[in-house]
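Student: got a predicted structure here, sequence first:
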Amino acid sequence: RAATPPAAALRRLVDLEWKFGAAAAASGGAAVGRTFVQLKLVLDAPGEARRAPLFLELSLDEFYALLARMERARAALSRELGGAA
């Protein structure tokens, strides 16, 4: 099993917004047509009154890798909780 992070490092996901995009222009033209996903995660932390947004921009490959990790985490939680997750 992986080590559990200290409680102070744990954050609870409160909200998630996402957008798909494609670059229409770029200096040099190298990134034109590049697709990406922008994520806004709103996180809550125990003992903190303020919620902190976290902004990420991922390539499609990075997004699909993150999605796969999230699905594995959900499956592991489901096993631990007896299928309730």
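Tutor: Happy to help now that I have it.
Student: residue ranges of the helices in this protein, please?
Tutor: With DSSP state H as the criterion, the chain has helices at 60-80.
Student: who's in contact with residue 19?
Tutor: Going by Cβ atoms under 8 Å, 6 or more residues apart in numbering, residue 19 touches 37-38. Yep, even glycine has a C-beta here, placed from its N, CA and C like the rest.
Student: for it, name its beta-bridge partners.
Tutor: Applying DSSP bridges to residue 19 gives these bridge partners: residue 38.
Student: so how far is residue 35 from it?
Tutor: In this structure, residue 19 lies at 11 Å from residue 35, with Cβ to Cβ, to the nearest Å as the measure.
Student: shaky segments in this structure?
Tutor: 1-9, 28-30, 83-85 (pLDDT under 70).
Student: for residue 58, list the residues it contacts.
Tutor: Under the criterion of Cβ under 8 Å, 6+ apart, the neighbours of residue 58 are 36-39, 66.
Student: tell me the one of the residues you listed nearest residue 14?
Tutor: Within those, the smallest distance to residue 14 is 13.6 Å, found for residue 39 (Cβ to Cβ).
Student: do I have it right that that closest one meets residue 20?
Tutor: No - using Cβ atoms under 8 Å, residue 39 makes no contact with residue 20, being 10.7 Å away.
Student: gap between residue 23 and residue 31?
Tutor: Relative to residue 31, residue 23 is positioned 5 Å away (Cβ to Cβ).
Student: ok, back up a step: which of the contacts of residue 58 ranks first by neighbour count?
Tutor: Tallying neighbours with other Cβ atoms under 10 Å puts residue 37 at the head of the contacts of residue 58, with 18 neighbours.
Student: is residue 42 in a bridge, and if so with what?
Tutor: residue 15, residue 53.
Student: correct me if wrong: it contacts residue 14.
Tutor: Yes - using Cβ under 8 Å, residue 42 is in contact with residue 14, at 4.6 Å.
Student: more neighbours, the two?
Tutor: Neighbour tally, residue 42 and residue 14, criterion other Cβ under 10 Å: the higher count belongs to residue 42, 15 against 12.
Student: which residues does the more buried one contact?
Tutor: 13-16, 51-54.
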